[in-house]
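Peer 1: With the input below, show me the fold.
(one chain, ligands or ions: 1)
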Amino acid sequence: MKDIKIESTLTVYEDYNELPADIALLMDTASKARLKAYAPYSKFLVGAAILLDNGEVITGNNQENASYPSGLCAERTAIYYAGAEYPDAKIITMALTAGSQKQPTASPIPPCGACRQAISEYEVKQDSPIEIYFMGTSGKVVKSNSLANLLPLGFDRSFL
Ligand code: THU
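Peer 2: Just a heads-up that it's a prediction; the model follows:
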């Protein structure tokens with residue numbers, strides 16, 4: 001037997017003001033989407049903005065439900081709409097921002113495991129990396145050059 005080591009490199013920006021101008025704008029769009037989230041149960045609002053290679057920007061936010069598991073995360077709300085409306089477009093960048101209405105959220109909030117799996121599907125489908133930036137409502141912003149950095153040993157179509 002042998003051990004294997006899995007490494008990912010992420011970029012950390014000290015705060016929003018360090019972001020490239022185009023990414024800051026995409027993050028602004030994600031923030032606007034976050035403020036429209038429907039999260040009466042968790043009070044945790046998440047916004048996503050997706051830049052496509054055709055120039056379109058798709059947004060989404062979390063949509064909760066009294067039957068809790070029926071709700072959907074912001075990332076999947078956005079990416080499924082992008083896939084539905086622009087099935088042939090490639091996703092270039094996703095900007096994500098999340099914040100609690102109960103306390104300040106100053107640390108970067110990564111996408112949950114189910115959302116990573118969903119994003120991975122589109123990265124495999126389009127055969128090119130999806131850049132992901134994520135933050136709280138303030139503080140550091142983390143960038144991953146590819147979803148694969150966030151989901152090592154992912155399950156994909158090659159196993160089917
Ligand atoms: N949520 C997201 O929208 N994205 C994630 O990646 C993690 C969690 C939402 C789901 C739920 O509405 C709330 O945040 C609390 O879990």
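
Peer 1: Helices of the chain, residue ranges please.
Peer 2: Remark: helices of the chain, listed N- to C-terminal, are 21-34, 74-85, 113-126; assignment by DSSP state H.

Peer 1: which secondary structure elements does the last one contact?
Peer 2: Applying 3 or more Cβ pairs under 8 Å, 6 or more residues apart in numbering; DSSP states H and E, one finds that helix 113-126 makes contact with helix 74-85, strand 91-100. For every residue, glycine as well, the C-beta is placed using N, CA and C.

Peer 1: Give me whichever of these is most buried.
Peer 2: strand 91-100 (a mean of 24; mean count of other Cβ atoms under 10 Å).

Peer 1: Just confirm yes or no for it near the ligand.
Peer 2: No. Interface with the ligand: strand 91-100 contributes nothing (Cβ under 6 Å from any ligand atom), its closest point being 6.6 Å away.

Peer 1: Now do the same contact list for Glu131.
Peer 2: In this structure, Glu131 makes contact with Ile92, Thr93, Met94, Lys143, Ser144, Asn145, Ser146, judged by Cβ atoms under 8 Å, 6 or more residues apart in numbering.

Peer 1: got the residues of the protein near the ligand?
Peer 2: By the criterion of Cβ under 6 Å from any ligand atom, the positions of the chain lying close to the ligand are 39, 42, 44, 46, 62, 64, 71, 73-75, 111-112, 115.
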